[in-house]
Every structure is written in structure tokens, then in C-alpha cells.
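*Asks:* Sequence and computational prediction follow.
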Amino acid sequence: MKRVIFLFLVIIVFCQGTVSAQKVWTLDECITYALNNNIQIKQQQLSTVLSKLQYHQSIAALFPSVNGSASLVYNNGQTVDMYTNQFASKTVQSDNFYLSANVTLFNGLQLLNGLKQKQIEFLASKYDLDKIKNDISLTIATAYLQVLYNIELLEIAKNQLEITHQQVARTQKLFDAKTIAKGNLLTIQAQEASDELQKVNAQNQLDMAYLTLAQLLDLQNTTGFDIVKPALILPDASSLMQQVDEIYAKALGIQPEIKSAQLKVQIAKKGLAISRGMFSPSLTLNSSYGSGYSGASQSLQGYTISGQQLIGYTASGENVYSPTFDYNYTKTKFWDQLDKNQNKSIGLYLNVPIFNKWQTQTAIGSSKVQLNSAQLSLQNTQNLLFKTIQQAYADAKAALNRYNAGTKSVDALTESFGYTEQKFNVGMLNSIDYNDAKNKLVKAQSELLQAKYEYVFRIKVLDFYQGKPLKLN
């Protein structure tokens with residue numbers, strides 16, 4: 001029995017240690033984790049790597065291309081040997097070796113403009129990656145603040161429910177003492193049920209807020225997921241001291257979506273230059289080196305006089321003879337043939353475009369359309385950024401005004417509810433008026449809380465667009 005109790009205590013201690021070791025996430029940790037694990041970010045990182053590879057390829061396109069080839073051929077039958085230039089009727093082995101190189105000297109600067117275009121595309125892809133990271137960071141911060149908001153909302157619901165519990169107990173005693181009517185008890189009990197529902201709803205909203213944040217982090221296991229609850233200090237209104245145009249001017253210089261859109265205009269301009277380069281003549285330099293071996297190639301080693309033959313007559317009628325020879329041949333050696341059969345060439349080639357079925361004109365027209373589209377996209381991106389900042393600025397001012405007014409309202413209603421509660425406790429006020437006063441206080445507290453977090457978030461957005469990090473304290 002003692003061993004069972006000991007094991008039970010060990011299990012309890014272990015479980016408590018596991019619970020206490022459960023990670024509690026700060027906002028910085030949430031954002032860092034999302035930036036390292038978000039699939040959308042990883043996809044854009046791959047796009048950036050691809051753009052970098054394409055940029056390096058455009059650099060390599062400026063260098064000469066060099067190619068080599070080799071072949072081994074057995075020919076059987078009547079053919080003209082390419083190295084001896086004679087007919088061969090037996091099986092002949094041929095070896096061929098070839099090396100060539102070519103480089104574009106000029107093609108209307110298409111290669112150079114292509115290089116610059118790929119370089120700009122690589123830079124734009126990095127800004128696109130930064131834009132996605134910014135969006136993810138803001139989304140995480142929004143979800144994090146939503147959790148904090150729902151935590152405080154649940155706390156308000158719990159406090160109000162506890163107050164109602166106490167009032168139900170007092171009312172029950174008064175009813176048992178037959179000093180109040182049953183209707184008063186039923187009214188306060190109904191309020192208790194309503195407060196209980198508000199608490200359940202607040203808990204559900206908090207659970208959903210936790211789940212939303214955990215899903216944004218792509219956590220596989222959300223059990224026990226919790227965040228740090230910082231002492232949220234209301235940020236100063238320094239951002240609201242500036243004009244919207246001032247904040248927008250700062251954002252234009254640092255926000256990656258603007259830089260990316262600006263670079264894409266440059267990309268389109270380079271595309272237009274490349275298309276116009278198609279009108280220009282192109283000049284290329286080619287060179288080659290080749291050699292080979294033929295099994296039909298023979299070298300003379302010597303000869304012997306084997307006899308004579310009649311080749312004509314003299315004026316007096318005498319015979320004229322010429323000696324006949326027997327020649328000794330051997331196959332020409334491999335390396336000797338490679339040296340003997342060398343072939344070298346170098347040449348300049350000029351290509352002048354005259355008519356290519358309007359392909360160049362069509363390419364230029366398409367590039368102009370793409371340039372206009374990129375310019376419109378830049379203007380639209382700038383407009384969206386200005387509208388976002390303008391809206392955040394207006395929302396922050398409105399939330400601050402609501403918060404200031406809400407603070408006064410909560411203070412007044414809190415003091416008023418204190419007097420109302422005292423009257424209710426001594427039986428000078430009915431439960432209907434008491435519930436009405438309490439509900440007004442709860443509503444004011446909820447509205448104040450909502451204005452507080454709305455103001456915090458909008459100020460953080462304005463700060464973020466000015467290059468300040470996302471911090472809660």
C-alpha cells in the first residue's frame with residue numbers, strides 16, 4: 001500500500017513538473033516562430049532562390065559557350081573516307097574529335113539588359129519576401145492582442161458573475177426571512193444565469209482566440225498553448241501628433257511592397273529595352289578545332305622494283321620501258337593522324353533582321369503594356385498604403401477618444417454602482433434597478449476594453465509602417 005501511495009505521489013509530481021514546463025509564448029517568440037515555419041514564407045524563399053539562380057544564369061550568358069564532341073564509327077561497305085578521300089569497301093573505323101566555341105559580341109544590348117533585368121527581379125523577390133513577413137507579423141500581433149483582449153473580457157465576466165453570486169446569496173437570505181418578495185429573488189437569479197452565459201461566451205471566445213493564434217503558428221499540438229500576459233501599457237499618442245502625410249512619407253521609403261513595385265517598373269523598362277534590341281543586328285564570333293582518325297589511312301614505308309613494262313616507242317621504232325614497283329604500306333598511327341588531320345576555323349557572323357513576321361513589333365507593344373501595368377500597380381500599391389495608414393490613423397484617434405470617454409464613463413458608473421449596491425443590500429432598491437445599473441457598468445467596461453485594444457493595435461500599425469518593431473511594452 002505504501003508503495004502504491006509513493007508511486008501515485010511520484011506521478012503527481014511528474015505531471016506538475018510537465019505542466020509547469022509548458023512553454024508560454026511571448027509576442028516576439030510567436031512572430032519569430034511564424035517567420036521560421038510559415039509555409040507561405042518558405043514558398044517565397046524558394047522563389048527568391050530561383051530568382052537568384054536566374055540572375056547568375058544571366059551573368060553566365062555573357063561568357064562564351066564551349067562544346068566538345070567525339071565519335072567512334074565503324075563503316076562497312078562502299079564509302080568515301082573523309083580523311084583519305086578515297087573509296088573504301090571494307091570495314092573502316094573512324095574516330096572524330098571536335099571542339100567549338102562561340103560568343104555574342106553584340107545583339108542590341110539584349111544580354112546586358114537581360115542581366116540587369118534579372119538582377120532587379122532578384123532584388124524585387126527579396127522585397128516580396130519581406131512584405132510577406134510583415135503581413136505575417138501583423139497578423140500574429142493582431143491574433144495575440146485578440147487573446148489578451150478576450151482574457152480581460154473573461155476576467156470582467158468572472159468578476160460580474162461573482163458579484164451576482166454574492167447578491168443572490170443575500171437575496172436568498174432576505175427572501176427566507178420573508179423581508180422581500182419572491183419576484184426579487186427570481187430577478188436576481190435570472191441575472192445570475194445571464195452572467196453565467198456571458199462568462200461561458202467569453203470563455204468560448206478566448207478559446208477560439210487561442211486556437212486562431214495557434215493555427216497561425218502552424219502548431220501541430222495546441223494542447224496547453226498559452227501566451228505571456230504583459231502589463232499592457234497604453235502607448236503614447238506621439239504617432240497621432242504627426243500628420244498622415246508625414247507617416248506616409250516615412251512608409252514610402254521603407255515599406256517593402258513599395259520598393260518591390262518600384263523595382264517591377266524598372267523590370268518592365270528593361271523588358272522594353274530588350275524588345276527594342278531585337279531590331280539591332282547581331283554579331284557573333286565562332287571558332288572550332290577538329291581532328292580524327294581513319295582506319296583506311298595508310299603511310300608509305302618503302303618500295304621494290306618488281307619488273308618493267310612497255311610504255312612506248314622511240315622515233316626509230318625501239319621499245320621504251322619503265323620499271324614497275326611494289327609499294328609497302330602500313331596503317332597511319334593514331335597520334336600521327338590526329339596531328340595531320342587537324343582542322344581549325346574562326347569566323348565572324350553578322351545577322352541583320354529584315355522581316356520576322358512582326359514579332360519584334362509585337363514584343364515591343366507587349367512590353368509597353370507590361371510597363372504601363374507595372375506603373376499602375378505601383379500607383380495602386382502607393383494608394384493602398386496611404387489608405388491603410390489613413391484608416392489606421394483615423395481608427396486610432398477614434399479609439400483614443402472612445403477610451404478617454406469610456407474611462408470617465410466607467411469611473412462614474414463604478415461609483416454609481418457602489419451606491420446602488422449599498423442601497424440594494426439594505427433593501428432600499430429592487431433587483432431590477434440593481435441589475436440595470438450593473439449591466440450598464442459591464443457594458444461600459446467592455447466598450448472601454450474594446451477601445452483600449454483597438455487603440456493599441458492601430459498605434460502599433462502606425463509605428464510598424466514607420467519602421468518600428470512590434471512590441472507590447
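*Replies:* On my side now, so go ahead.
*Asks:* By mean pLDDT, flag the weakest helix or strand of this structure.
*Replies:* helix 2-20 (a mean of 41; mean pLDDT, DSSP states H and E).
*Asks:* Each with direction, which strands does whichever helix or strand comes after it pair with?
*Replies:* Per DSSP states H and E, the first helix or strand lying C-terminal to helix 2-20 is strand 24-25. Here strand 24-25 has these sheet partners by DSSP bridges: strand 226-227 (parallel).
*Asks:* Contacts for the strand it pairs with next, please.
*Replies:* 22, 23, 24, 25, 26, 27, 30, 144, 147, 148, 210, 213 (Cβ atoms under 8 Å, 6 or more residues apart in numbering). C-betas here are computed from N, CA, C, even on glycine.
*Asks:* which two in those are spaced the farthest apart?
*Replies:* Using Cβ to Cβ, these span at most 18.5 Å, a distance reached by 22 and 148.
*Asks:* These two - which one has more neighbours?
*Replies:* residue 148 (22 against 10; other Cβ atoms under 10 Å).
*Asks:* Make sure that one is actually in contact with residue 232.
*Replies:* Yes - between residue 148 and residue 232 there is a contact under Cβ atoms under 8 Å: 6.5 Å.
*Asks:* got the residue ranges for the strands in the stretch 251-400 of the chain?
*Replies:* Under the criterion DSSP state E, counting those that start in this stretch, the stretch 251-400 of the chain contains strands at 282-294, 298-313, 319-331, 343-351.
*Asks:* counting contacts, what elements does the first one pack onto?
*Replies:* Yep, that's strand 282-294 we're talking about. Applying 3 or more Cβ pairs under 8 Å, 6 or more residues apart in numbering; DSSP states H and E, one finds that strand 282-294 makes contact with strand 92-106, helix 334-340, strand 343-351.
*Asks:* next one: phi and psi at residue 471?
*Replies:* When read as degrees, to the nearest 10, the backbone of residue 471 gives phi -130, psi 150.
*Asks:* any low-confidence regions in the protein?
*Replies:* By pLDDT under 70, the low-scoring segments of the chain are 1-22, 77-89, 298-301, 329, 473.
*Asks:* Break it into its domains for me.
*Replies:* 22-100+109-279+288-297+332-348+362-465, 298-331 (automatic domain parsing).
*Asks:* Output stretch 284-298 in CSV, but only the C-alpha positions, please.
*Replies:* Provided in CSV are the C-alpha atoms of stretch 284-298 (Å, rounded to 0.1, in the frame of the first residue of the first chain):
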residue,chain,number,x,y,z
THR,A,284,28.9,36.6,-83.1
LEU,A,285,32.4,35.1,-83.1
ASN,A,286,32.8,31.4,-83.7
SER,A,287,35.8,29.2,-83.6
SER,A,288,36.4,25.4,-83.9
TYR,A,289,39.0,22.8,-83.8
GLY,A,290,38.7,19.2,-85.0
SER,A,291,40.7,16.2,-85.9
GLY,A,292,40.2,12.5,-86.4
TYR,A,293,41.4,9.0,-87.2
SER,A,294,40.6,6.7,-90.1
GLY,A,295,41.4,3.0,-90.3
ALA,A,296,41.7,3.4,-94.1
SER,A,297,44.6,5.8,-93.9
GLN,A,298,47.9,4.3,-94.9
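*Asks:* Give the buried residues for that stretch.
*Replies:* 284, 291, 292, 293, 294, 295, 296, 297 (16 or more other Cβ atoms under 10 Å).
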